[in-house]
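Trainee: Following is a predicted model, sequence given first.
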Amino acid sequence: MPAFLFEVGTEELPASFVASAVRQWRDRVPQSLAEANLSATSVQVFATPRRLALVIEGLPDRQPDRREAVKGPPASAAFKDGQPTKAAEGFARKNGVALSDLELRATDKGEFVFAEVFTAGRSTPDLLQELAPQWVLALEGKRFMRWGDGEFRFPRPIRSLIALWDDQVLPVSLTVRAATETRPAEVLTADRVTTGHRVLHPASVSIAQATDYVATLAAASVLVSPEQRQALIIQQTQAAAAQLGGEAEIDPDLLEEVRDLVEFPTAVIGGFDQEFLELPSEVTKTVMVTHQRYFPVHQPGQPDRLLPNFITISNGDPTKAAIIAEGNGRVVRARLSDGQYFYKADIAKPLESYLAKLETVTFQDQLGSMRAKVDRIVSMADRLCHQLQLSADDRDLVNWAALLCKADLVTSMVFEFPELQGIMGEKYARASGEPEAVAVAIGEHYLPKGAGDALPTSQTGRIVALADRLDTLCSLFRIGLLPSGSSDPFALRRAANAVVNIIWDAGWSLNLESLIEPESVDRWADSGMGTQLAEFFVQRFRSLLEDEQGIDYDLALAVVGELGDRDAALRALYDPADVLQRAQFLQSLRRSGQLANLYATINRASKLAAKGDLNFSDLDPAASVKSALFEQPSEQAFYDALVALLPITQATRQTRNYQPLADQLAQAAAVVANFFDGSESVMVMVDDEAVRRNRLNLLGLLRNHARVLGDFGAIVKG
């Protein structure tokens, strides 16, 4: 079966776009072919810094013919007195059928006119000429540019196109610059010619047929497969490190970046002076990885004991490796020399001495300096210590760590290498003789830096990390700088996620509501910041439960409540650790089948209870139900079940051991099922207002006991 090759030749593309484009085409091209009713045995996507390409094999010569029933107007509109109306004539004409070929068919909405329409399949090459430019235009990314007039945008200028149907050129075209009054449009038309490696094979390359693409470019020193280049980089880097008697530290993000910066990778060993190993390894690695895109080499099994070497991936001539290594070494030595100077200057003074200079750094125009933020962090940390009932000694450690946590921001090293914030603070704290708990907390308080990142593990580090983020959230919400849609310039979602994950990981019972709104709950209505931030946290709870904890969406909703459910929101904020515990417990009930046994009865009771006016906080049947109004034994049995539930529910709220409550609810559910449908069942919504209210209160009490687990009204059957 025929194969199709499509290549877009460009000037050097950003590495981030290369990886993104591959992912987009791997997802969209098969989908686009399916929508065009075309099948293929394989769709391969290739990319280098100078090209994006597709090789699609196993395509048919043409689309299959289609015969389908097309629905037209209702029979009443298509025929009048047995004769076709203009509606029928127009429908027949539109679909290319005779009036006599129209059929009447019954549907759920009555009788309609149908036509059997035959559509001949189109030639696959004709379709590909339309689809290929669409695949280019559909690519998305950051910082796209436009050349001249028109709407076409791309990260870098496109210089050539290849489109081969087996060995035949397809006239695919792409308008990259619109016409103006003084200049015609610039239109690229596909042929079979592309570029080889810029250094190793500067001559142009002609592709004979589609399936020769990979081999032909490999002969021109271009490896078009990202996976092949990546495997070769790993192999060469590990071999080079072994040659040095060490191990290479291959960062996944750096590996992906260098893979898409080269067309023919060659590992080159470079070196620097032994004296630079006196620098903290984090400084040396930052210079090599972040600033130079080099792979560090360390002692086997000891990532912090570096060798005075690095490995770089060259896209040049392998015979010039020594020259490349010398040039790279000069750059690294210069950067490390700067780092050495900064480090020595910084540790000449105690970390505490840098606090005053924080006055010169603005945190946010309306919120003042970084020094002012530090004072707020200290205050928030103290409130956290109070909630956690820490000893005086532990509280002193937390407050001191909070005071020093941002001091390294004004050191020379962090000014030059901002990525080292916190890391250098920890180093400088040790050099200043600070307690180890304080040094560790300064480094940990920036964790987690993103989704999936490590969390702080020390008590002091966790508290300072929480205090920092809670201050950021409260301060920015107070001045109205809230995230909107996909826009979150201050990364507040990430900050809130970190707060929740740290609390969950620690298992601490913290009252978030009192931390984000110091005043009483009754003041929420007067404090827009508190209400908005509370709702923001509730959304984060739900998102994290579903996306990171694997909790079913309805169970997450049952625990945190719908937006605006103040009772559920307050409970979640009063004890975030309990949110995770209840969600995981409900998930375990679902897996065991116990939830299904509870669901039908409690969900039915919850929905009916909504017709009453019983407060969610009411649990005692003696205070809400009058036995004198009972008309059936099932009502008394329901009441007795609630009496038995009361001490168990009260104990559960103290211990957070939810299994006894679930077991007792299961027993109550059997009694309530008889109340609804047994031989002694009752009608809840009777005319007698007192009896109706009494029965609704029974149901409301069951709902309230169940809500200690979660809102069963939000749970979906299954």
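Mentor: Yep, it's here. Residues are numbered from 1 along each chain as shown.

Trainee: State the pLDDT value of A525.
Mentor: At A525, the model reports a pLDDT of 43.

Trainee: Also V521?
Mentor: 36.

Trainee: ok, now P184?
Mentor: 80.

Trainee: Got the phi and psi for it?
Mentor: Main-chain torsions, P184, degrees, to the nearest 10: phi -70, psi 170.

Trainee: Give me the neighbour count for R192.
Mentor: 18 (other CB atoms under 10 Å). Where C-beta positions appear, they are placed from N, C-alpha and C, glycine not excepted.

Trainee: just S123 next, same as before
Mentor: 13.

Trainee: is it in a bridge, and if so with what?
Mentor: Residues in a beta bridge with S123, per DSSP bridges, are R62.

Trainee: Pretty sure it sits against D61.
Mentor: Yes - with contact defined as CB atoms under 8 Å, S123 reaches D61; the gap is 7.2 Å.

Trainee: S160 is in what secondary structure piece?
Mentor: strand 158-165 (DSSP states H and E).

Trainee: after that strand comes which helix or strand?
Mentor: strand 168-169.

Trainee: What strands flank that following strand, and is each parallel or antiparallel?
Mentor: Going by DSSP bridges, the partners of strand 168-169 are strand 158-165 (antiparallel).

Trainee: Can you show me the CA trace of the strand it pairs with as CSV?
Mentor: Extracted in CSV, the C-alpha atoms of strand 158-165 (Å, rounded to 0.1, in the frame of the first residue of the first chain):
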residue,chain,number,x,y,z
ILE,A,158,9.8,27.8,6.9
ARG,A,159,12.2,27.3,4.0
SER,A,160,11.0,24.1,2.2
LEU,A,161,8.4,21.5,1.9
ILE,A,162,8.5,17.8,0.8
ALA,A,163,5.4,15.9,-0.1
LEU,A,164,5.8,12.4,-1.7
TRP,A,165,3.2,9.9,-2.5
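
Trainee: Now the terminal residues of stretch 551-564, how far apart.
Mentor: With CA to CA, to the nearest Å as the measure, stretch 551-564 spans 21 Å from end to end.

Trainee: who's in contact with it?
Mentor: 535, 538-539, 541-542, 545-546, 567-569, 572, 579, 582-584, 586-587, 590, 709-712, 714-716 (CB atoms under 8 Å, 6 or more residues apart in numbering).

Trainee: Just the buried ones out of the residues you listed, please.
Mentor: With burial judged by 16 or more other CB atoms under 10 Å, the buried subset of these is 538, 541-542, 545-546, 568-569, 572, 579, 582-584, 586-587, 590, 709-712, 714-715.

Trainee: Longest strand in the protein, by number of residues?
Mentor: The longest strand of the chain (DSSP state E) is strand 302-314.

Trainee: How far off centre is the helix or strand following it?
Mentor: Later in the chain than strand 302-314, the nearest helix or strand by DSSP H and E is helix 321-346. Centroid separation for helix 321-346 versus its chain: 37 Å, with CA atoms, centre = their mean, to the nearest Å.

Trainee: what residues are up against A401?
Mentor: A401 neighbours (CB under 8 Å, 6+ apart): 381, 437-438, 441-442, 445, 460-461, 464.

Trainee: any idea how far the most centrally placed residue in the chain lies from N497?
Mentor: In the chain, the C-alpha nearest the mean C-alpha coordinate belongs to A451, at 7.5 Å (CA atoms, centre = their mean). Between A451 and N497 the distance is 7 Å, computed by CB to CB, to the nearest Å.

Trainee: Please apply the same query to A690.
Mentor: From A690 to N497 the distance is 50 Å (CB to CB).

Trainee: List the buried residues of the helix or strand that contains V297.
Mentor: Take DSSP H and E as the rule and V297 turns out to sit in strand 295-299. For strand 295-299, the neighbour count (16+ other CB under 10 Å) marks 295-298 as buried.

Trainee: rewinding a little: please point out which parts of the longest strand of the chain sit buried.
Mentor: 306-314.

Trainee: And those, which is closest to A34?
Mentor: I313 (37.5 Å; CB to CB).

Trainee: Contact partners for the closest one?
Mentor: By CB under 8 Å, 6+ apart, the neighbours of I313 are 233, 236-237, 258, 261-262, 265-268, 293, 295.

Trainee: I503 too?
Mentor: I503 neighbours (CB under 8 Å, 6+ apart): 466, 510, 512, 576-577.

Trainee: how about a cut-off of 6 Å?
Mentor: Contacts for I503 (CB atoms under 6 Å, 6 or more residues apart in numbering) come out as 510, 576-577.

Trainee: now do A219
Mentor: Contacts of A219 (CB under 6 Å, 6+ apart): none.

Trainee: ok, now with 10 Å
Mentor: If you count contacts by CB atoms under 10 Å, 6 or more residues apart in numbering, A219 has them with 196, 201, 205, 212.

Trainee: Between all of those residues, which two are at the greatest distance?
Mentor: Longest span within the contacts of A219, CB to CB: H201 and D212, 15.7 Å.

Trainee: I am finished for the moment; much appreciated.
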